[in-house]
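# quick one, what's the 3D model for this:
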Amino acid sequence: MRPIVRGAYPAGTFVPLRTRDRRPYNKHHARAPAWCAPAPQRATPETAAIRKDRPKSRGTKHAREARRLIVGWFALLSVPWVLLAGWLAVAGAPGPLAPMFYGGAGLAGFGVIAWFGLRPVLLGIEKLDRERNTLREQFDRARVDSMSDSLTGLGNLRALMEELDQQISTAEAEQRRFAVIVADLDNLKQVNDAKGHAAGDQMLRATARVIASNLRRWDRAFRMGGDEFAVVLLDCGPNEGVLIAKRILASALGDGTGTGGPAAGFSLTLGVSAYPDPARDRKELLAQADAALRWGKDHGRTDVQVFDPQRHPVPVDAATLEELGAAILRVAATRAMTPVYQPIYNLTNGRVLGYEGLVRPKPETGFPNPGVMFNAAEQSGRTVELDMACLEIVMSGAVGLPQSQYLSVNLSPRTLETEAFNPFEVINLARRYGIDPSRIVLELTERDDVADMAHLKEVIAIFRRYGMRTALDDVGEGKTQWKWMAELGFNVMKIDMWLVRSAASKGSDVILRGLGEIARQSNMTVVAEGIETPEHLEAVISHGFGAGQGYLLRRPGPALDAPDLELSHLLGRDHVDPGALITR
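Take a look at the predicted model:
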């Protein structure tokens, strides 16, 4: 194998490295990774010149130097004695010099014998060293073949695993981060069926070229198998990874290789995740990126998705499910969560209407954020235990809630429809902490369709008998919310933050106006979530939404002490009547 020579290889050439030949490949990493993606290695005049001019093996050089050293010392010691012995023989050696004469002759003879005796040994050592180097090069070539994809020239799944292990070690040692993109080629099966596997192989090679052409020099691309590819982006977070993924997608849609383009179905769906946040190890990193990719494929394809624990559930095996279930039970039993409260404001006068009670897992639980914790509870079937623990923690911290304000709490529909859930426990829990049930709003978040709608209706009817109100959360995100709205009926509609943040666009504007009209016809209060800028606030007020929450208004905090707001200041105006902003 050969060392990397700066400028000797074309950009993207696949160059395996031995440890002793590694060189720094950018300013942030002391040693180059084992693979340089993404194009297959081809013989070029430059690489041929390097192969021809490369130095001989170090082992052969060392053996040659050792032989010269031994011969040189024997010559240095033998020649003076040979000269002395010759002079004594000619001049006639006197008695006292006879031992020197015979000793010099003996030493000279020993040097000659040693030379002819050691020379075959040294030649054998040199031969063995050459064979060792040949075996080493054969091993390196075999390793290259075992870690590269023969069709595309990219690293294979094994090379990806080694690269991720190396980058995780580097990230831990140097406090750095990196992102991973998992890409899936859409419609490959249809191409194989319609045009044959040769056309499918051509599309895979074109995909590899498209991915390679949109990477930085220090990024790495791999083919995981089938129609799936992966990219390791060094010194990148999820936001930077999305930009590169979108560039790859745009390039694939406009590919000019003759196999791409939307007409030929050459499109990609890509998922992005990052280390060390949100992923904490190699397995989790790939699983998160793949979960985001699968969500994108299930919702229309030709998309880029960043992993969101609340939107992209990660499938787990049975052993992991047991571990997750045990972890959720420990969290619920020890109440290892901290309550926080985000105020919900009246967008007409700026007064606090109530608070949404939330929880944050403590560091010792091992869950980095609430989304991961609640996904683990759903997958392990422990939503009832976790929801009840969260309710108690939130209500215990809301003892001082003013009488004019309400408390909004979250419950999973999976909890409400299970036989193990008792609605009277929630009612008794509220009374225990001095909160009248009529001041409780139950938020239901829709992710999947309800299996037992009749039982869910019975549970909600019990809550309403005691004055509790219900809210449909994240309206605009799910796919069965219209059915829920028709079947169950709600008192509050909470608009998802992505609709609020895209309110300036024409499409979102139409959707928001429609939702506002549905709310007015159904006598529902509308709460806009995710208000983070004055533009968001102005758009929400202009649609006639009466309440809102978000970081612009106030972040979640541990206390129920949010002050009333002066909306004109948040809108960047000295005096403004919020009612004047409403457009019918």
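# can you list the strands that the helix or strand hosting Ile181 pairs with?
Ile181 is part of strand 178-185, with elements assigned from DSSP states H and E. Paired with strand 178-185 in the same sheet, following DSSP bridges, are strand 228-234 (antiparallel), strand 268-275 (antiparallel).
# now the helix or strand that the shortest one is followed by and strand 228-234, what's the angle there?
Meaning strand 228-234. For strand 228-234, the following helix or strand on the C-terminal side (DSSP H and E) is helix 238-253. Interaxial angle, helix 238-253 versus strand 228-234 (axes from the mean of the first three to the mean of the last three CA atoms, to 10 degrees): 140 degrees.
# for helix 238-253, packing partners?
strand 178-185, helix 197-213, strand 228-234, strand 268-275, strand 304-306 (3 or more CB pairs under 8 Å, 6 or more residues apart in numbering; DSSP states H and E). To be clear about C-beta, it is placed using only N, CA and C from the backbone, and glycine gets the same treatment.
# which among those is found nearest to Gly325?
strand 268-275 (23.7 Å; CB to CB).
# which residues touch Glu529?
Taking CB atoms under 8 Å, 6 or more residues apart in numbering, we find Glu529 in contact with 474, 494-497, 500, 548-550.
# any idea how far it lies from Val144?
52 Å (CB to CB, to the nearest Å).
# do the same with Thr320
Look at Thr320 and Val144: by CB to CB, they are 34 Å apart.
# may I see the strands paired with strand 178-185 arranged in CSV, with mean neighbour count, mean pLDDT and distance to Leu185 as well?
Shown next, in CSV, are those (neighbours: other CB atoms under 10 Å; pLDDT from 0 to 100; distance: least, CB to CB, whole Å):
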stretch, mean neighbour count, mean pLDDT, distance to Leu185
strand 228-234, 24, 94, 8
strand 268-275, 27, 93, 6
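# output the ones you listed in TSV, with distance to Arg177 appended to each entry.
Listed next are these as TSV, based on distance: least, CB to CB, whole Å:
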stretch	distance to Arg177
strand 228-234	9
strand 268-275	6
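# phi, psi for Asp473 please.
Here is the backbone geometry of Asp473 (degrees, to the nearest 10): phi -90, psi 150.
# ok, then the element right after the helix or strand hosting Leu123?
Using DSSP H and E, Leu123 maps to helix 98-146. With elements assigned by DSSP H and E, the helix or strand that comes after helix 98-146 is helix 157-174.
# pull out the buried residues from that next one.
159-161, 163-164, 166-168, 170-171 (16 or more other CB atoms under 10 Å).
# just for the chain, where's the confidence low?
Low-confidence segments of the chain, defined by pLDDT under 70: 1-122, 255-265, 316-319, 446-450, 476-482, 503-507, 573-584.
# ok, now with 50
Residues of the chain that meet the criterion pLDDT under 50 lie in 1-58, 256-265, 575-584.
# so it: which segments form each domain?
For the chain, automatic domain parsing gives the domain ranges 58-143, 151-306, 328-581.
# the ones you listed: which one's closest to Val314?
Here domain 151-306 is closest among those (CB to CB), at 4.6 Å.
# chain center to the closest one, what's the gap?
Centre-to-centre, domain 151-306 and its host chain are 12 Å apart (CA atoms, centre = their mean, to the nearest Å).
# straight-line length of that domain, end to end?
Terminal residues of domain 151-306 lie 29 Å apart, using CA to CA, to the nearest Å.
# measure the closest residue to Glu172 other than its chain neighbours to Asn239 for me?
Nearest residue to Glu172, sequence neighbours excluded (CB to CB, 6 or more residues apart in numbering): Pro276, at 7.9 Å. From Pro276 across to Asn239, the span is 15 Å (CB to CB).
# what do you get for Arg158?
30 Å.
# with Glu172 instead?
In terms of CB to CB, Glu172 sits 22 Å off from Asn239.
# swap in Phe139?
For Phe139 relative to Asn239 (CB to CB), the value is 42 Å.
# what do you get for Gly325?
From Gly325 to Asn239 the distance is 33 Å (CB to CB).
# neighbour-wise, which of the two wins?
Under the neighbour definition other CB atoms under 10 Å, Gly325 and Asn239 were set side by side, and Gly325 has more, 17 against 11.
# mind giving me the packing neighbours of the one helix or strand the more buried one maps to?
Assigned by DSSP H and E, Gly325 falls within helix 318-334. The contact analysis (3+ CB pairs under 8 Å, 6+ apart) places helix 318-334 against helix 370-380, helix 383-396.
# what's whichever helix or strand comes after the longest one in contact with?
So that's helix 383-396. Counting by DSSP H and E, the next helix or strand C-terminal to helix 383-396 is strand 406-411. The contact list for strand 406-411 (CB under 8 Å, 6+ apart) reads 344, 353-358, 387, 390-391, 394-395, 398, 401, 435, 439-445, 469, 471, 473, 492.
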